[in-house]
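**Student:** Just the structure for this:
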Amino acid sequence: MQQKFVLLFMLMSLVTAQSHLHAGTADSSLVIKKTSDFKVNGEGNAPNWAAAQWFDITVQKGPRQPAPGKQFSTQVKILYSEKGMYFLFNCTDRRLTATITEDFGALYEEDVVEVFLWPDTSVPIYLEYELSPLDYELPILVPNINGRAQGWKPWNYNERNQVQHATSVQGGQKKSMASVEGWKAEFFIPFALMNPIAPPTAPKSGTRWKGNFYRIDYDSETTYYSWQKTGGSFHEFKKFGTLIFE
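**Tutor:** Numbering: from 1, shown residues only. All right, here's what the predicted structure looks like:
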């Protein structure tokens, strides 16, 4: 009788452990649906977006931060096509802390959304893409070797591999330090931009990449947002989640 009880207890423990394992996997995985190509306008109102589900990115501690900052709602949608990947960020906000008016600036020092994509996990190189509320961009490839990261600008950045991007503002004007209710960022990253760490064509169904999604907001206090939590730095690529192409 006692042996049966022990066996039953072990079986229940195994089932519970498996359920927790699958729950954790679901939380760190994201299935990306396929779409036909469309034009981004910063509003996110293309009918194609109806096929994608919103997911939240939430606050975490930033570098040398003792505690996370104040959280505003931040939601993301993702799709992919034969040519690249579409992203839509919906960010509640109160002030556009954005003064940089050039591409390839230090956008991360002001309000920004960021996408990190790591297609080939056999090499420590990933794409980092940033977009500000004023619609300025920072696309770089990042080799991250033994904790030493360096961003490299794309060479021959033209219509073949250039990101299509647009932003919009809700409840205010799209200008530096404006009072607002929120802002949206919509952009299309061609697979060609990620050459050679990813093929220039769409991944096959079932292909898995790693990635993470971030936001930094500089209202009264700096707040860092992420999909998969890191220890502070957004460049902890081994903590990225899994992206599954449907």
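**Student:** So what are the sheet partners of the top strand by length along the chain and their directions?
**Tutor:** The strand of greatest length in the chain, counted in residues with DSSP state E as the criterion, is given as strand 208-218. Each strand paired with strand 208-218, and its direction, by DSSP bridges: strand 112-118 (antiparallel), strand 222-226 (antiparallel), strand 241-245 (antiparallel).
**Student:** Ok, which of those strands comes nearest Thr101?
**Tutor:** Between Thr101 and the strands paired with strand 208-218, the shortest separation by C-beta to C-beta is 13.9 Å, and it involves strand 112-118. Yep, even glycine has a C-beta here, placed from its N, CA and C like the rest.
**Student:** if you average pLDDT over the closest one, what comes out?
**Tutor:** Along strand 112-118, the predicted local confidence has a mean pLDDT of 99.
**Student:** got the CA positions of it in PDB?
**Tutor:** Extracted as PDB, the C-alpha positions of strand 112-118 are listed here (Å, rounded to 0.1, in the frame of the first residue of the first chain):
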ATOM      1  CA  VAL A 112      12.800  54.400 -28.000                       C
ATOM      2  CA  VAL A 113      11.600  51.000 -28.900                       C
ATOM      3  CA  GLU A 114      14.000  48.200 -29.800                       C
ATOM      4  CA  VAL A 115      14.000  44.800 -31.600                       C
ATOM      5  CA  PHE A 116      16.900  42.300 -31.200                       C
ATOM      6  CA  LEU A 117      16.900  39.300 -33.700                       C
ATOM      7  CA  TRP A 118      19.400  36.400 -33.400                       C
END
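**Student:** And for the nearest residue to Gly84 once chain neighbours are set aside, the neighbour number?
**Tutor:** Of all residues not flanking Gly84 in the chain, Pro190 sits nearest, at 4.0 Å (C-beta to C-beta, 6 or more residues apart in numbering). Pro190 sits with 18 neighbouring residues when counted by other C-beta atoms under 10 Å.
**Student:** what about the helices in this protein?
**Tutor:** With DSSP state H applied, the chain shows helices at 2-27, listed in chain order.
**Student:** do you know how far the spatially most central residue of it is from Val59?
**Tutor:** Central residue check for the chain by C-alpha atoms, centre = their mean: the C-alpha nearest the mean position is that of Phe213, 2.1 Å away. When C-beta to C-beta, to the nearest Å is the yardstick, Phe213 and Val59 sit 13 Å from each other.
**Student:** hang on, Leu131 packs against Ala185?
**Tutor:** Yes: Leu131 is in contact with Ala185 according to C-beta atoms under 8 Å; the separation is 4.8 Å.
**Student:** Determine the residues that are contacts of both of the two.
**Tutor:** Common neighbours of Leu131 and Ala185, using C-beta atoms under 8 Å, 6 or more residues apart in numbering, are 113, 165, 167.
**Student:** Which secondary structure element of this structure has the lowest mean pLDDT?
**Tutor:** Of all helical and strand segments in the chain, the minimum by mean pLDDT, DSSP states H and E falls on helix 2-27, at a mean of 38.
**Student:** Show me how far stretch 123-135 is from its chain's centre.
**Tutor:** Centroid separation for stretch 123-135 versus its chain: 9 Å, with C-alpha atoms, centre = their mean, to the nearest Å.
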